[in-house]
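Student: Make a model of this:
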Amino acid sequence: MRQDINQVQQALSKKIIGKEHQLKLAITCLLANGHLLIEDLPGMGKTTLSHALSQVFGLQYARIQFTSDLLPSDMLGVNIFHTHERDEEKRFTFRHGPIFSQVVLADELNRASPKTQSALLEAMEERQVSIDGVTHALPSPFFVIATQNPSYQSGTYPLPESQLDRFFMRISLGYPAWEAEKAMLMQQDASAPLTQILDAASLNKMQNEVAAIHTSDAILHYILRLVSESRQSNEFPNPLSPRASRALLQGAKAWAYVSGRDYVTPEDVQAVFVAITAHRLTLSSHQMSLGQSSNAFDGEKLSQKLLDSIDPLAA
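Tutor: Residues are numbered from 1 along each chain as shown. Just a heads-up that it's a prediction; the model follows:
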């Protein structure tokens with residue numbers, strides 16, 4: 001499987017040039033069976049990355065463009081009533097929405113209303129949706145990649161804290177370096193689809209192997225020290241939850257797997273720490289409404305400060 005992972009990374013790097021670390025984080029998130037939030041300006045390659053991931057892993061892909069008038073039924077599906085059907089059991093048939101795909105791109109999620117945003121919660125957490133009292137299971141694997149524009153742009157609604165916490169990881173691609181953008185401009189087949197390298201069965205197998213990665217007590221104590229520090233110190237307005245500590249463990253295992261190891265080191269925890277915790281440590285919308293400055297509590301700065309405060313050798 002290690003050779004396959006290398007091929008996946010090389011294929012993705014042809015689409016997203018010069019962003020090897022972010023690509024590795026995205027693969028890590030998928031292998032850890034989490035959901036990915038990409039926050040960036042328009043045109044940075046967010047949609048390209050999500051489509052490329054589905055192509056190399058051979059997964060069914062659907063894109064949902066979130067707008068202010070998008071309804072939950074547009075995303076989840078709806079029951080259709082057949083007036084001329086005499087059989088009571090066949091009078092209603094369920095028409096699946098685009099959420100019933102293996103890779104779902106929720107594009108510009110924070111442009112939708114809070115009601116539509118919240119419709120993603122059950123799907124992301126429970127891997128199922130409920131329509132008119134009937135539960136429908138989602139396909140496996142199921143991976144949500146949501147993109148959001150910066151909150152200062154017009155027409156955006158801030159994501160609720162409950163939904164932010166359900167995203168395993170948040171990354172930002174940012175502007176490409178000079179040479180990377182030059183290489184992108186010189187590409188002749190930028191829109192050509194990538195060749196499939198793996199399939200859904202292989203991905204499920206990898207996810208099971210990630211869960212079986214060995215983790216020593218020292219690594220567990222290191223993670224516990226980090227989350228405990230966020231709860232005990234007044235410098236962190238939103239302490240890390242048990243869901244965050246579980247995500248750190250799974251993320252470190254997946255990073256170790258992608259790196260070709262069957263055990264976790266402190267460096268694995270450090271590699272994924274900011275991506276997993278930054279969006280959880282930021283100020284809530286309520287705290288910002290009380291006049292607290294979001295600049296003083298920047299999530300990435302807080303994550304790095306928390307990471308630097310704990311010595312892995314002392315943990």
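Student: Report the buried residues of stretch 209-219.
Tutor: Residues of stretch 209-219 classed as buried: 210, 213, 215, 219 (neighbour count, 16 or more other Cβ atoms under 10 Å). All C-beta spots, glycine's among them, are computed from the backbone N, C-alpha and C.
Student: can you give me the offset of that stretch from its chain's centre?
Tutor: Relative to the centre of its chain, stretch 209-219 is centred 22 Å away, using Cα atoms, centre = their mean, to the nearest Å.
Student: Could I get the full set of helices for the stretch 151-300 of the chain?
Tutor: 161-165, 178-186, 200-211, 217-232, 242-258, 266-281, 285-289, 299-309 (DSSP state H, counting those that start in this stretch).
Student: could those helices go into TSV alongside distance to residue 97 and mean pLDDT?
Tutor: Output for the helices of the stretch 151-300 of the chain, formatted as TSV (distance: least, Cβ to Cβ, whole Å; pLDDT from 0 to 100):
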stretch	distance to residue 97	mean pLDDT
helix 161-165	18	81
helix 178-186	34	93
helix 200-211	20	95
helix 217-232	36	95
helix 242-258	26	97
helix 266-281	26	95
helix 285-289	28	49
helix 299-309	32	90
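Student: nearest to residue 127, of those helices?
Tutor: Proximity to residue 127 (Cβ to Cβ) singles out helix 200-211 among the helices of the stretch 151-300 of the chain, at 12.9 Å.
Student: And the closest one, what's buried?
Tutor: 203, 206-207, 210.
Student: The residue nearest the centre of the chain and residue 148, how far apart?
Tutor: Nearest to the mean C-alpha position of the chain, counting by Cα atoms, centre = their mean, stands residue 36 at 0.8 Å. From residue 36 over to residue 148 the distance is 12 Å, taken as Cβ to Cβ, to the nearest Å.
Student: Equivalent analysis for residue 25, please.
Tutor: Here residue 25 is placed at a distance of 17 Å from residue 148 (Cβ to Cβ).
Student: chain center to stretch 244-261, what's the gap?
Tutor: The answer for stretch 244-261 is 14 Å, by Cα atoms, centre = their mean.
Student: Pull the residues that contact it.
Tutor: 2, 5, 24, 27-29, 31-34, 165, 168-169, 206, 209-211, 213, 215, 219-220, 223-224, 226-227, 262-265, 268-269, 271-273, 275-277, 280 (Cβ atoms under 8 Å, 6 or more residues apart in numbering).
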